[in-house]
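Q: What shape does this take:
(4 chains)
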Number of protein chains: 2
Amino acid sequence: MSKRLSFRIRDELATRIAAGSIAPGAKLPSEPVLAIELGVSRATLREALRSLEEDGFVTRTRGSGTHATYRPRLRNNLDMNFGVTDAIAASGMTPGTRDSAVRSAAATTAEREALGLAQDAPVVILERVRTADGRAVVSSRDVLSADTISLGELAGMSIDGSVYAVLEGMGRPVARGVVTISPMKTDRAMARRLDVKVGVLLLHLRQVDYGSDGAPLLLSDEFHLAEAFEFTVVRRGPGKERT
Amino acid sequence: MSKRLSFRIRDELATRIAAGSIAPGAKLPSEPVLAIELGVSRATLREALRSLEEDGFVTRTRGSGTHATYRPRLRNNLDMNFGVTDAIAASGMTPGTRDSAVRSAAATTAEREALGLAQDAPVVILERVRTADGRAVVSSRDVLSADTISLGELAGMSIDGSVYAVLEGMGRPVARGVVTISPMKTDRAMARRLDVKVGVLLLHLRQVDYGSDGAPLLLSDEFHLAEAFEFTVVRRGPGKERT
DNA sequence: TTGCGTGATTTGTCTGACAAAGGTAGGCTC
DNA sequence: GAGCCTACCTTTGTCAGACAAATCACGCAA
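A: Below is the predicted model of the structure:
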């Protein structure tokens, strides 16, 4: 349960809208009425509405009211599913892991830059092949500073576990990630790992994750089979009301 | 200038943070102090801070204060650059257009579903090849309902213009878009249009744009040369504070 | 029918206050 | 002296009430 009351109200309204209890395009009750119904003050309700508006659930117009917007249903939203496990589960398949291996090494130049490390700083690397309903669909490689997590801690995590869950358990939750998307064809090594032919299309997601203080925590390279996944992103429009 | 005072305050603070006037990790003045400094009430300031928090510019902690977060600088953020023109310009190149053509047709099934139209509803189609510094980099195809815009209006727009700008000029600004990303290889027709070899890697962006009322306005298919572009997305972390 | 004015409705902003949680400094115990 | 605990202060979260501004609906007149 969220710490802030306004978050709970926000989630409650978001659920109602998503579930269709408040129909798309329908007008919500006025703020005073809705505040009484939800048992909170109008200020708290407005915090929640502000958040919903920011995420595109509702539009608010002075003099007119607050209206729910039509919201497209998304299967694999990059915003919602942060890890590979989430993405697979969101597609209705059972996630699994294969060929898991952890090791330590000196950081390469690219890794040093991405993670903000000193030269020759030690890093720990986790390489896995993720499966959906038993079929290999993603090859992933996670790199973390040895200062962030020890080899033992990384090796000790659940085989199907999420690195994010481990980091959060250590009090270093991931607050934000920046992912770069590019297409590529499978080379021979990747084809063997994923058990597909050479030349099959992949989406390469290179992601740097940052902690709540803004420090880089994790560098991930994920190679997704294009035919197995579909990525969607919600983009905010150029309407001048926004920044 | 935005209609709502809280939006202006939001933008003002976002600018300060982005420009480094408020350093990453630095603590902002307390709400009462900041409200006086900005000349607004604390309620309005809190609306602005709520928005900034939602976008990851700041974190707020009761008892501790509001802190600016480190925000990575992005070259081609799918969130920031909505149209192809923006994306090309953000890469430091000069956008241009080639092989522009408009026509009208009956909507296909996929187009009907995406745009929420009745069977055999007429649509207008704009096909263009976009260039960066004279080199063809994107093949695009925009489909709109004939009710939204007439063939003449579409043909009359500036050759390098943005469909978004036209829609906004007609009082139908695009508030949100949902893009699906998938990789593909160029077929023969696309290779000729983009003047590349068959088999070169493309990123296919299929996007549906919605108006402020949530109604679908525009269906776009964009085929980007992979080697010419790089797409980044900021993802919100799995920190438990979110939905 | 069309246009205009007027009033009701609704969100936006302001003011003031108290509660809750984090941070800090001081004192106490061992 | 080191560590722990407590009281206090700061800061955000929530509440209450009021007025301003914008939109919408209705009635009326041309």
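Q: Longest helix of chain A, counting residues only.
A: helix A:5-19 (DSSP state H).
Q: Could I get the buried residue list for that one?
A: A:L5, A:S6, A:F7, A:R8, A:I9, A:R10, A:D11, A:L13, A:A14, A:I17 (16 or more other C-beta atoms under 10 Å in any protein chain shown). (C-beta placed from N, C-alpha, C; glycine too.)
Q: Whether it contacts chain B - can you check?
A: Yes - applying C-beta under 8 Å from any C-beta of the partner chain, one finds that helix A:5-19 is in contact with chain B at A:F7, A:R10, A:D11, A:A14.
Q: Which strands or helices does that helix pack on?
A: Helices and strands touching helix A:5-19, by 3 or more C-beta pairs under 8 Å, 6 or more residues apart in numbering or on different chains; DSSP states H and E, are helix A:42-54.
Q: give me that answer again for 10 Å
A: helix A:31-38, helix A:42-54, strand A:58-61, strand A:65-68 (3 or more C-beta pairs under 10 Å, 6 or more residues apart in numbering or on different chains; DSSP states H and E).
Q: near DNA strand C at all, that helix?
A: No - Helix A:5-19 stays clear of DNA strand C (C-beta under 7 Å from any atom of the strand), getting no nearer than 9.7 Å.
Q: can you pull out the helices in chain A?
A: A:5-19, A:31-38, A:42-54, A:84-90, A:109-115, A:151-156, A:163-169, A:188-194.
Q: what about the last one and chain B, touching?
A: No - residues of helix A:188-194 are not located near chain B by C-beta under 10 Å from any C-beta of the partner chain, the shortest gap being 14.0 Å.
Q: and that helix, what other elements does it pack with?
A: Using 3+ C-beta pairs under 10 Å, 6+ apart, helix A:188-194 is in contact with strand A:95-106, strand A:122-132, strand A:135-145, strand A:201-211, strand A:216-225.
Q: which secondary structure elements does the longest one contact?
A: Other elements packing on strand A:95-106 under the criterion 3+ C-beta pairs under 10 Å, 6+ apart are helix A:84-90, strand A:122-132, strand A:135-145, helix A:151-156, helix A:188-194.
Q: quick one: least confident helix or strand in chain A?
A: helix A:151-156 (a mean of 79; mean pLDDT, DSSP states H and E).
Q: got the buried residues for it?
A: Buried residues in helix A:151-156 (16+ other C-beta under 10 Å): A:L154.
Q: Dump it to PDB, keeping only the CA atoms.
A: Extracted in PDB, the C-alpha atoms of helix A:151-156 (Å, rounded to 0.1, in the frame of the first residue of the first chain):
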ATOM      1  CA  LEU A 151      29.600 -11.900  -7.000                       C
ATOM      2  CA  GLY A 152      28.100 -14.000  -4.300                       C
ATOM      3  CA  GLU A 153      25.000 -11.900  -3.900                       C
ATOM      4  CA  LEU A 154      24.400 -12.000  -7.600                       C
ATOM      5  CA  ALA A 155      25.000 -15.700  -7.800                       C
ATOM      6  CA  GLY A 156      22.800 -16.300  -4.800                       C
END
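Q: now that helix, how far from the centre of its chain.
A: 23 Å (C-alpha atoms, centre = their mean, to the nearest Å).
Q: same deal with stretch A:205-224?
A: With C-alpha atoms, centre = their mean, you get 11 Å for stretch A:205-224.
Q: neighbours around A:G65, how many?
A: 14 (other C-beta atoms under 10 Å in any protein chain shown).
Q: now A:A118
A: 8.
Q: closest point of chain A to DNA strand D, which residue?
A: A:G63 (2.4 Å; C-beta to the nearest atom of the strand).
Q: A:A18 contacts A:F57, correct?
A: Yes - A:A18 sits in contact with A:F57 when judged by C-beta atoms under 10 Å, with a separation of 8.1 Å.
Q: For the spatially closest residue to A:E227 that is not a sequence neighbour, name its beta-bridge partners.
A: Spatially, and ignoring its direct neighbours in sequence, A:E227 is nearest to A:L201 (7.3 Å; C-beta to C-beta, 6 or more residues apart in numbering or on different chains). The partner list for A:L201 in beta bridges (DSSP bridges) reads A:K185.
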